[in-house]
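*Asks:* Would you be able to build a 3D model of this:
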Amino acid sequence: MQTKTVTHWAAQMDSEQIFQLIDNLLPFEACLYHEVLPLSIKGSRLHLGMVDPEDSAALEYVRRILGYMRCSLVSEKISTEIHRSMLSAYLNYMHTGKKKASAAPHTPGSHVPAPPLPPLPNSSHASSVAVHSRNDLLPPPHSPSANGDRLSLPAPHSASMLPGPAVPVLQVSASHPHSPLEELATLPPKDLLQELLGRILEGGIGRLYFERQSQHGRILWSQDGVVQSVMDGLELSLFGGVMNELKLLAHLPLIPLQKPRQVEIERRYNKEDLLLRLRVMPGTDGERATLQVLRGAALKFYKQQQVEDLSRDALRLALQLQRKVDELRDRASKLPDRGLGKLDALPALNQLIRQVDEQLAQLKALDEHKE
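*Replies:* Below is the predicted model of the structure:
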């Protein structure tokens, strides 16, 4: 293993290649926990950014994965700020489906296409996953009816902080927790999925990979980035049934998807908060899927990133509202008094501003409470 100090990495990093390596080689949770970042893979060498190149636990973890891939390791020191900003950029990339996150600096012309990785589940589809944005979940805007109905807003919330809805408890019933996966191929699809869930929920970084091939299906279980077991040669009827059970869990349509979809499900399991991240994507021989568990520090980081994203969205919309109100005022001021009708939107706008002020006061109280 070689070690070197690297400066100004932020201007040199190839964010697309880093994101592909996180998708296929070193899971996001491992990068967060061990403070490492896969920078590039050249030939049989992985260039690994490390906040602490002397961290023996991190080195041992990565060596275990590279041993499976027959790769060697070159470690390179990076700052905590670069490590955190790149992981934040990765989460933005996951949310937007873009190949590059705007938060990751990139030197024009420095991009080199990511080299093909050694065979790993879903490696050919990792960069094609598109995540549905929040706008996909919003209903279409309501058009005022021709009879001139007045605009109305929901009743303002009370200033007191109302508790959010309880996170549903994930019920998992694994009757064969110690049996090898290959011995479970006789179970019905629903029971087989329960056994698989029981394994990835044991702890650490659990992932399931589902791949439909031309003649059969394949399911791979990895824990902490290391393959634990593979179910190969599954009958297509059984594999399709497990995929349908996955879709039911995530409230996805059972018909084959035409475009990649990602669903994130918050649950509690054994008194611990979890996030199940399911990606389903079309493939040459049928659908493929990845199920990943976020917990602990990784889940906290993910939620913090969500709050930051919402904060930016709220600020952008507030600036847009300000510009629209400025435009409305300017246009109204240029009309003669007789040509200026009553502005029906003003009462609703005033009500909206009052509600926003109330919500901002609640946010300020929360922010001060955390200091």
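
*Asks:* Now do the strands in the stretch 101-250 of the chain.
*Replies:* Using DSSP state E, counting those that start in this stretch, the strands of the stretch 101-250 of the chain run over 206-212, 217-223, 226-234.

*Asks:* can you give me the angle the longest one makes with strand 217-223?
*Replies:* It stands for strand 226-234. Put simply, strand 226-234 runs at 170 degrees to strand 217-223, going by axes from the mean of the first three to the mean of the last three CA atoms, to 10 degrees.

*Asks:* Name every strand pairing with strand 226-234 and say which way it goes.
*Replies:* Here strand 226-234 has these sheet partners by DSSP bridges: strand 217-223 (antiparallel).

*Asks:* average pLDDT for the strand it pairs with?
*Replies:* Strand 217-223 comes out with an average pLDDT of 88.

*Asks:* what does stretch 90-108 give?
*Replies:* pLDDT averaged over stretch 90-108 gives 54.

*Asks:* P282: which of the strands of the stretch 101-250 of the chain is closest?
*Replies:* strand 206-212 (9.9 Å; CB to CB). C-beta coordinates here come from the backbone N, C-alpha and C atoms, glycine included.

*Asks:* neighbours around the closest residue to L193 other than its chain neighbours, how many?
*Replies:* Nearest residue to L193, sequence neighbours excluded (CB to CB, 6 or more residues apart in numbering): E245, at 4.4 Å. E245 is flanked by 19 other residues according to other CB atoms under 10 Å.

*Asks:* ok, now E202?
*Replies:* 13.

*Asks:* What residues does it make contact with?
*Replies:* Going by CB atoms under 8 Å, 6 or more residues apart in numbering, E202 touches Q223.

*Asks:* if I look at it, how far off is E211?
*Replies:* 22 Å (CB to CB, to the nearest Å).

*Asks:* Then L181?
*Replies:* For L181, the distance to E211 - CB to CB - is 14 Å.

*Asks:* Neighbour count: these two, which is higher?
*Replies:* Between L181 and E211, counting by other CB under 10 Å, E211 is the more crowded of the two (22 against 19).

*Asks:* what bridges to the more buried one?
*Replies:* Beta-bridge pairing for E211 (DSSP bridges): R218, R288.

*Asks:* And the pLDDT at it?
*Replies:* Looking at E211, its pLDDT is 91.

*Asks:* Against N24, how distant is it?
*Replies:* E211 is 13 Å from N24, by CB to CB.

*Asks:* Which elements pack onto the longest helix seen in the chain?
*Replies:* Criterion DSSP state H: the longest helix present in the chain is helix 296-333. If contacts are counted by 3 or more CB pairs under 8 Å, 6 or more residues apart in numbering; DSSP states H and E, helix 296-333 sits against helix 28-34, helix 80-96, strand 272-281.

*Asks:* so L294 sits in a strand?
*Replies:* Yes: counting by DSSP: H, G, I helix; E, B strand; the rest coil, L294 is part of a strand.

*Asks:* pretty sure V263 is touching L248, no?
*Replies:* No: contact between V263 and L248 fails when scored by CB atoms under 8 Å: they sit 11.5 Å apart.

*Asks:* Which one's more surrounded, those two?
*Replies:* Taking other CB under 10 Å, V263 and L248 do not tie; V263 has more neighbours (17 against 12).

*Asks:* ok, back up a step: quickly compare the helices and strands packed on helix 296-333 and say which is most buried.
*Replies:* When you average the neighbours per residue for each of these (mean count of other CB atoms under 10 Å), helix 28-34 leads with a mean of 22.

*Asks:* List the contacts of it.
*Replies:* By CB under 8 Å, 6+ apart, helix 28-34 touches 22, 36-38, 55, 57-58, 61-62, 83, 87, 90-91, 205, 224-225, 294-298, 301.

*Asks:* any idea which helix or strand comes after it?
*Replies:* strand 36-42 (DSSP states H and E).

*Asks:* Give the rounded mean pLDDT of that next one.
*Replies:* Per-residue scores along strand 36-42 average to 91.

*Asks:* buried residues in it?
*Replies:* Of the residues in strand 36-42, V36, L37, P38, L39, S40, I41 count as buried by neighbour count, 16 or more other CB atoms under 10 Å.

*Asks:* how about the helices in the stretch 51-200 of the chain?
*Replies:* Under the criterion DSSP state H, counting those that start in this stretch, helices of the stretch 51-200 of the chain are mapped to 56-69, 80-96, 189-200.

*Asks:* Any regions of the stretch 201-350 of the chain where pLDDT drops low?
*Replies:* Per-residue confidence for the stretch 201-350 of the chain (pLDDT under 70) gives these ranges: 337-342.

*Asks:* same thing but 80
*Replies:* Within the stretch 201-350 of the chain, the ranges that satisfy pLDDT under 80 run 203-205, 224-227, 297-298, 335-345.

*Asks:* For the stretch 51-200 of the chain, give me the ranges with low pLDDT.
*Replies:* In the stretch 51-200 of the chain, residues with pLDDT under 80: 65, 67-70, 92-166.
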